[in-house]
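**Student:** following is a predicted model, sequence given first.
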Amino acid sequence: MEIRLAGYNLDCDIIDACKKRFGDREDWTPETISAAYARISRSPKTVTELRADARAEVEKARRSNESIVFAMGHSSVAEHAVF
C-alpha cells in the first residue's frame with residue numbers, strides 16, 4: 001500500500017508570503033483536493049493524476065464540487081478539504 005500526503009493546512013501569513021513571492025495563483029485552493037478525491041472510486045487515473053487535473057482546471061473543479069456536494073448531497077467529499 002502506498003500512502004501519499006495530498007496537502008497541508010497552512011497559516012495564512014505563510015500563504016500571504018507565498019503570494020507576495022510567487023503571485024496569486026488560482027490553483028492554490030483546497031477545492032482541487034475535494035474535486036480530485038470525489039473521483040477516486042470511479043476513475044482509472046491515479047490520485048496524483050486526478051489532483052493534477054483538478055489543479056489545471058480549477059473552475060471545472062469548483063463546478064464539480066458544487067454539483068456533488070450541493071446538488072447530489074454528497075457532503076463527505078468536502079471533508080477532504082479544509083477551507
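**Tutor:** Ah, there it is. Numbering: from 1, shown residues only.
**Student:** make it CA atoms for all contacts and neighbour counts henceforth
**Tutor:** Fine.
**Student:** which parts of this structure are helices?
**Tutor:** Taking DSSP state H as the test, the helices found in the chain are 12-22, 31-37, 47-56, 58-65.
**Student:** so which of the ones you listed is the most packed in?
**Tutor:** Of all the helices of the chain, helix 31-37 carries the top mean neighbour count, a mean of 25, counting by mean count of other C-alpha atoms under 10 Å.
**Student:** tell me where the model's unsure across this protein.
**Tutor:** Applying pLDDT under 70 to the chain flags the ranges 82-83.
**Student:** right, and D27 touches D53 too?
**Tutor:** No - look at D27 against D53 with C-alpha atoms under 8 Å: they stay out of range, at 10.6 Å.
**Student:** before we move on, the earlier item: looking at the helices of the chain, which is nearest to S75?
**Tutor:** Proximity to S75, assessed across those by C-alpha to C-alpha, is greatest for helix 58-65 (9.3 Å).
**Student:** what angle sits between that closest one and helix 47-56?
**Tutor:** 110 degrees (axes from the mean of the first three to the mean of the last three C-alpha atoms, to 10 degrees).
**Student:** just checking, what packs against helix 58-65?
**Tutor:** If you count contacts as 3 or more C-alpha pairs under 8 Å, 6 or more residues apart in numbering; DSSP states H and E, helix 58-65 packs onto helix 31-37, helix 47-56.
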